[in-house]
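Student: sharing a model that was predicted from the sequence below.
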Amino acid sequence: MRSKIASLALKEYRHIMRDKRSLATVFVLPIAMILLYGYAINLDVKDLELAVVDRARSPESRLLVEKMEASGYFTAAAHPPTLADAEMLVYSRRVRGILVIPEGFSRDLRSRADRAAVQLLLDGSDSNTAGIAGNYFEMILAEVGAQMGRSTEHGAPAAPFEVRPRVIYNPELKSVYFIVPGLAAVLLMLVCAVMTSMTIAREKETGTLEQILTSPIKPYQILIGKVLPYLVIAFLVCAIIVAFAHLWFGVPVRGSLLLLAAVTPAYLFCALSLGIAISASVRTQQVAVSLAMLTTMLPSVMLSGFIFRVGSMPLPLRLISKVIPATYYLKIIRGIMLKGVGWEHVWQHCAVLVGMGLLILLIGARKFSTRLD
Amino acid sequence: MEQEIVSARGLTRKFGAFTAVDHIDFSVRRGEIFGFLGANGAGKTTTIRILCGLLRPTGGTCLVDGLDVDRQAEAVKRLIGYMSQRFSLYEDLTVEENLEFYGGVYGLNEAELGRRKHGLLKELELEGLEKRMTAALPLGWKQRLALGCAVIHRPRMVFLDEPTGGVDPVSRRNFWAMIHAMAAEGVTVFVTTHYMDEAEYCDRISIMDAGRIIALGPPSKLKERYAQATVEDLFSHLLDSSREGSRP
């Protein structure tokens, strides 16, 4: 019986190899997307232009601005005399924010009685950048405060309770680190679900499925034979993405690659099941692709936590994210690559993926029959 | 072994309110070439699909080699070959790869597949074209290849659904010679067509109209009975009288 599956798998492999377009889709697209996402969709804050309104004009205020510029995250692009002038610069988008250092800054710093306050105004029309910039600024303040023997406004004046925010796992807050491994989740979904959904729909269109169905081959043999080559390809794609992430963008691999390779099939299984379920319910490739894009690609990009944090979403979207396979694989791949977590932290996600895959496959198999009606 | 390889009794298939096949009775004898004639939409393809286990009958029974096509579809599939109207070939595979694929799907082993492949390439006059891409083949050759794919597993019976559609007259005659050679080896051939001249090549024909069989028998006998010179005349005559009869 194995030879029937092998015949199908061999045929499918030949289709893929001879269709230059789908081959390109499978291997070039991931690399193109990594480069695109790695460079273009950069959530990093770098050289953010600020207008500095320094009313203190003291050595301490100058030190703060100096430190801020040295961090590389901000540049003091302008020194307008008044806040109103600074605001004009924000409106004209010549600067992205305003730093106001009040007159009493140095006095407050020295007196130890009061907290030294500075004001950072950020252009909220780009809320993502504003949020990240705010975090960076706090880190800089903490550093300056420590150097001057003072805590930041978070800390009590008493030295023992100094607050020093520190970001772990991704200390430089590089978005590439979390975007590129996340791309694996999205691209594997693309290869598995979208391409498998097309392959069965294509045979429905050309009428070859009818021919196969008049042979004694069983539905499960058709499904396995069709899916096998894509499983291998998806694995290769995954390896390419991880290698690219590590070698090109320097994304760390802190955990075990073996563990990643061992749990990835759970996700692939889930995605392939989705592709089969889709192809079993539609008649044409076009519908299959649209449906696959709608049910796999879009949610994987938008709602899985690939770019936008699930925790910040409203409740209905948070609930939807729970039924998106990519949500779980993202936790697995980011956990293993960035945090170096082990099996004990990924097995639950794995179990959810396998469970989901089984459920979807069951639905798909019910829809797929050896008859035309 | 019984003499009839196919026997259909009251076979019916409805699609919603439309009745594609309407209580038909017929049988096919072992080793004969059985022609299924009718205009487009008469119900020929639906009947063939029921016989191949691709569609469930809505009513009636149909046995193929003693097996019920509805309840024992898997067993029936092992005995039959099927060539669909659209020459279900993979255009991006070579001639040889198409044959190998269908042989594999039927579970043929390497040695048997190799023997069968060479035999068929010779019989179907496709030798030397093994490595040719199917997409680049002329229609007449695709048709022969499709026939080869349908019979690679040596079925007892083969269903050909309009195998000569769109093919030039020389290729058609050539193709029918191959069908006759197959029948001579003992394979039962069930063939649908709307080329009336092809009916002359069949041992027996059945003429279908609007889901019903309106005549069945050897072409010569039918022509005699209805006093018509050709099958074409016979067909128009039968269609006219059948449609008049159904009018109130």
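Tutor: Done, it's in.

Student: count the neighbours of whichever residue of chain A sits closest to chain B for me.
Tutor: Here chain A gets closest to chain B at one residue, A:S7, 2.6 Å apart by CB to the nearest CB. In this view, the C-beta of every residue, glycine as well, is placed from N, C-alpha and C. A total of 23 residues lie near A:S7 under the criterion other CB atoms under 10 Å in any protein chain shown.

Student: got phi/psi on it?
Tutor: Geometry field for A:S7 lists phi and psi as phi -60, psi -40, criterion degrees, to the nearest 10.

Student: just checking, it touches B:G104?
Tutor: Yes. Contact status for A:S7 versus B:G104: in contact at 2.6 Å, counting by CB atoms under 8 Å.

Student: how's chain A carved up into domains?
Tutor: A:2-40+A:174-372, A:48-168 (automatic domain parsing).

Student: buried residues in stretch A:236-248?
Tutor: Residues of stretch A:236-248 classed as buried: A:237-238, A:240-242, A:244-246 (neighbour count, 16 or more other CB atoms under 10 Å in any protein chain shown).

Student: does anything pack onto the helix or strand that contains A:A133? Which helices or strands?
Tutor: A:A133 is part of helix A:127-147, with elements assigned from DSSP states H and E. For helix A:127-147, the contact count by 3 or more CB pairs under 8 Å, 6 or more residues apart in numbering or on different chains; DSSP states H and E identifies helix A:59-70, strand A:74-78, strand A:119-122 as packing neighbours.

Student: just checking, what packs against the helix or strand hosting A:L260?
Tutor: Element membership for A:L260 (DSSP H and E) is helix A:257-281. Counting contacts by 3+ CB pairs under 8 Å, 6+ apart, helix A:257-281 packs against helix A:175-189, helix A:195-206, helix A:219-247, helix A:285-292, helix A:325-334, helix A:343-367.

Student: of all the ones you listed, which lies closest to B:E110?
Tutor: Closest to B:E110 of the helices and strands packed on helix A:257-281 is helix A:219-247 (CB to CB; 17.6 Å).

Student: quick one: mean pLDDT over the helix holding A:L260.
Tutor: In this model, helix A:257-281 carries a mean pLDDT of 88.

Student: next: stretch A:3-22.
Tutor: Across stretch A:3-22, pLDDT averages out at 87.

Student: SS state for the residue most central in space within chain A?
Tutor: Nearest to the geometric centre of chain A sits A:F306, at 2.9 Å (CA atoms, centre = their mean). Secondary structure state of A:F306, per DSSP: H, G, I helix; E, B strand; the rest coil, is coil.

Student: pretty sure it contacts A:A326?
Tutor: Yes. With contacts counted by CB under 8 Å, A:F306 reaches A:A326, the gap being 6.7 Å.

Student: which neighbours do these two share?
Tutor: A:185-186, A:300 (CB atoms under 8 Å, 6 or more residues apart in numbering or on different chains).

Student: could you dump these to CSV with distance to chain B and neighbour count?
Tutor: As requested, those are exported to CSV (distance: CB to the nearest CB, whole Å; neighbours: other CB atoms under 10 Å in any protein chain shown):
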residue, distance to chain B, neighbour count
A:A185, 31, 29
A:V186, 28, 23
A:S300, 30, 26
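
Student: the stretch 101-250 of chain A against chain B: which residues are in contact?
Tutor: Selection of the stretch 101-250 of chain A residues close to chain B by CB under 8 Å from any CB of the partner chain yields A:206-208, A:210-218.

Student: out of those, which are buried?
Tutor: Of those, these count as buried by 16+ other CB under 10 Å: A:206, A:208, A:210-217.

Student: out of the residues you listed, list just those in helices.
Tutor: Counting by DSSP state H, these place A:206, A:208, A:210-213 in helices.

Student: where in the chain is pLDDT low?
Tutor: This is for chain A. Filtered on pLDDT under 70, chain A yields the residue ranges A:1-2, A:40-44, A:111-115, A:127-128, A:148-174, A:369-373.

Student: I was after chain B.
Tutor: Applying pLDDT under 70 to chain B picks out residues B:1-2, B:245-248.

Student: would you map the helices across it?
Tutor: Ranges of helices within chain B are B:44-51, B:73-79, B:95-105, B:110-123, B:139-151, B:169-184, B:219-225, B:231-245, based on DSSP H.

Student: and chain A, which of these is closest to it?
Tutor: helix B:95-105 (2.6 Å).

Student: just the angle between that closest one and helix B:110-123, please?
Tutor: Here the directions of helix B:95-105 and helix B:110-123 differ by 130 degrees (axes from the mean of the first three to the mean of the last three CA atoms, to 10 degrees).

Student: quick check: angle from helix B:95-105 to helix B:139-151?
Tutor: Orientation of helix B:95-105 against helix B:139-151 (the same axes, to 10 degrees) gives an angle of 20 degrees.

Student: which strands or helices does helix B:95-105 pack on?
Tutor: Partner elements for helix B:95-105 (3+ CB pairs under 8 Å, 6+ apart): helix A:2-18, helix B:110-123, helix B:139-151.

Student: most neighbours per residue, which of those?
Tutor: Stretch with highest mean neighbour count among the helices and strands packed on helix B:95-105: helix B:139-151 (a mean of 22; mean count of other CB atoms under 10 Å in any protein chain shown).
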